[in-house]
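Novice: Next one to model:
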Amino acid sequence: HTFPIGPRSEFLDPGLQAGASTIASCRLFPWAFMGTLWASGSRTLAASLFLRALPQGFFFGGTRFGQGLSVLHYRGQLLQSAFALCPEGDRHLDTFRLYESLQAGCIPVVVDQRSMALAMLGSTPPFPVFSSWQEALDWVQNLLAQPEQLDATQASVRVWWQTRCSELLQTMRHTFPSIP
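Specialist: Predicted coordinates for the structure are as follows:
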């Protein structure tokens, strides 16, 4: 079995759920991206497209891994964002950002050009996996223009994520019987 990297411990705090339940249409930022702008990958393209089209989003681009916002500030920004851009990491799509976005109640925006996302996410998620950042931006703009649909999508993502976490825990308990 393989298991996803999952969120960092700061995102597993039970108190986080109150903020994560803020409906998407009432969040301060339409989108957020915080992370290192690697020379490889599509992070710079994603950030520039979204900044140009939706400048009221939250962006913080670092130059080196581990130098940027504190984890608590990062978590706070996600809790205030409807969507979270979740580009691949330096080498693959399985990143803290994806799972932390889900824990914070964001709708993840995923572009996967290597067809890894659906295998990694397991059961089909209630959000699309796009082939380009432009396609993702068009979808985000469409949902932002329809607050009821935006909130319904967020609710579907939340239920799916809770179910996925339960499935993963059961698989882990079966694979590693010593896990309580």
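Novice: mind listing the helices for this protein?
Specialist: Per DSSP state H, the chain carries helices over the ranges 16-20, 43-53, 71-79, 96-103, 117-121, 133-144, 147-175.
Novice: highest average neighbour count across those helices?
Specialist: helix 96-103 (a mean of 24; mean count of other Cβ atoms under 10 Å). Heads up, the C-betas are built off the backbone N, CA and C, glycines and all.
Novice: Let me know the angle separating that helix from helix 71-79.
Specialist: Interaxial angle, helix 96-103 versus helix 71-79 (axes from the mean of the first three to the mean of the last three Cα atoms, to 10 degrees): 60 degrees.
Novice: Show me what helix 96-103 is packed against.
Specialist: Judged by 3 or more Cβ pairs under 8 Å, 6 or more residues apart in numbering; DSSP states H and E, helix 96-103 is in contact with helix 71-79, strand 107-111, helix 147-175.
Novice: Now render the ones you listed as TSV, adding distance to residue 47.
Specialist: TSV is the format used below for these (distance: least, Cβ to Cβ, whole Å):
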stretch	distance to residue 47
helix 71-79	14
strand 107-111	11
helix 147-175	21
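Novice: Nearest to residue 42 among these would be which one?
Specialist: Smallest distance to residue 42 across those (Cβ to Cβ): 6.4 Å, for strand 107-111.
Novice: Relative to residue 170, how far out is residue 51?
Specialist: 41 Å (Cβ to Cβ, to the nearest Å).
Novice: quick one: low-confidence parts of this structure?
Specialist: Counting by pLDDT under 70, the chain contains low-confidence ranges at 1-11, 14-19, 39-41, 64-66, 89-94, 113-114, 123.
Novice: ok now do residue 98, which residues does it touch?
Specialist: Shown in contact with residue 98 (Cβ atoms under 8 Å, 6 or more residues apart in numbering): 86, 108, 110.
Novice: between these, which is closest to residue 43?
Specialist: Within the set of those, residue 86 lies nearest residue 43; the separation is 10.2 Å, counting by Cβ to Cβ.
Novice: tally of neighbours for residue 145?
Specialist: By the criterion of other Cβ atoms under 10 Å, residue 145 has 9 neighbours.
Novice: tell me the phi and psi of it?
Specialist: As for residue 145, its main-chain torsions (degrees, to the nearest 10) stand at phi -80, psi -10.
Novice: Report the separation between the closest residue in space to residue 128 that isn't next to it in sequence and residue 122.
Specialist: Sequence neighbours aside, residue 139 is the residue nearest to residue 128 in space, at 6.3 Å (criterion: Cβ to Cβ, 6 or more residues apart in numbering). Noted for residue 139: a distance of 22 Å to residue 122, by Cβ to Cβ.
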